[in-house]
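>>> what follows is a predicted structure for the sequence shown.
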Amino acid sequence: GENVEQHPSTLSVQEGDSAVIKCTYSDSASNYFPWYKQELGKGPQLIIDIRSNVGEKKDQRIAVTLNKTAKHFSLHITETQPEDSAVYFCAAQRSNDYKLSFGAGTTVTVRA
Amino acid sequence: KAGVTQTPRYLIKTRGQQVTLSCSPISGHRSVSWYQQTPGQGLQFLFEYFSETQRNKGNFPGRFSGRQFSNSRSEMNVSTLELGDSALYLCASSYSDFEQFFGPGTRLTVL
């Protein structure tokens, strides 16, 4: 089955700096890669996603890049704010599989 | 539009009991998936339903089962509870085969 590895496990950044989280996947048939943000006591919130026919996608301060050849994808958060502090998960999915395989998560702390 | 709702939010059971968790998807979403979240194993897929049919199942024992009703609402059942079943159980709904939107989860504690 699909194996998704996520790094780093924890990330502390100064407010206003950028944060980068990286994930690798093992199944070359995976073609959908979402990122989720989970705050304490809440369920994961979909923040951005990318499909395998796209190399990069941006939404305000958040961007995701995908390298299909190397089988890795990354989340970039620019101009971080205290409300960006949360646990972030990457995931991968194959067509007609209907299941997400998640990375282990990255705890991001934005220092004021 | 209302989000995914899960009931109950918290549950305490003892070993050997069984439990039923409920999930109401976002209006118009016909796919419902269930995940287990624990500190040790992270987020793990349990099963997915679409139009009352299970389309995929994760690697969990037969004690874990689910179903979906004609209105897309779903339930999952865990029988003969074990201490290791203590977890946050998350339900997600989807309109397409991809974007999944999660509910707040049901926190199950097995004593």
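Received it, and whenever you're ready, just let me know what you need. Residues are numbered from 1 along each chain as shown, chains lettered A, B, ... in the order given.

>>> ok, the closest residue to A:D17 other than its chain neighbours - contacts?
Of all residues not flanking A:D17 in the chain, A:T80 sits nearest, at 5.9 Å (Cβ to Cβ, 6 or more residues apart in numbering or on different chains). (C-beta placed from N, C-alpha, C; glycine too.) By Cβ atoms under 8 Å, 6 or more residues apart in numbering or on different chains, the contact set of A:T80 is A:13-19, A:61, A:108, A:110.

>>> mind listing the strands for chain A?
Applying DSSP state E to chain A gives strands spanning A:4-7, A:10-14, A:19-25, A:30-38, A:45-51, A:56-59, A:62-67, A:72-77, A:86-94, A:101-102, A:106-111.

>>> buried subset of the contacts of A:T80?
Buried members of the contacts of A:T80, counted by 16 or more other Cβ atoms under 10 Å in any protein chain shown: A:13, A:19, A:108, A:110.

>>> of all those, which comes closest to chain B?
Nearest to chain B, judged by Cβ to the nearest Cβ, of the buried ones among the contacts of A:T80 is A:V108 at 16.4 Å.

>>> I'd guessed the closest one sits against A:V13; true?
Yes: if you go by Cβ atoms under 8 Å, A:V108 and A:V13 touch, sitting 7.2 Å apart.

>>> mind listing the shared neighbours of the two?
A:19, A:80.

>>> now the two most distant members of the contacts of A:T80.
Farthest-apart pair in these is A:Q14 and A:R61; separation 15.2 Å (Cβ to Cβ).

>>> follow-up on the earlier one: could you dump the strands of chain A to CSV with mean pLDDT?
Compiled in CSV, the strands of chain A are given as follows (pLDDT from 0 to 100):
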stretch, mean pLDDT
strand A:4-7, 98
strand A:10-14, 98
strand A:19-25, 98
strand A:30-38, 97
strand A:45-51, 97
strand A:56-59, 96
strand A:62-67, 97
strand A:72-77, 97
strand A:86-94, 97
strand A:101-102, 98
strand A:106-111, 98
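
>>> among those, which comes closest to B:E82?
Nearest to B:E82, of all the strands of chain A, is strand A:101-102, at 22.6 Å by Cβ to Cβ.
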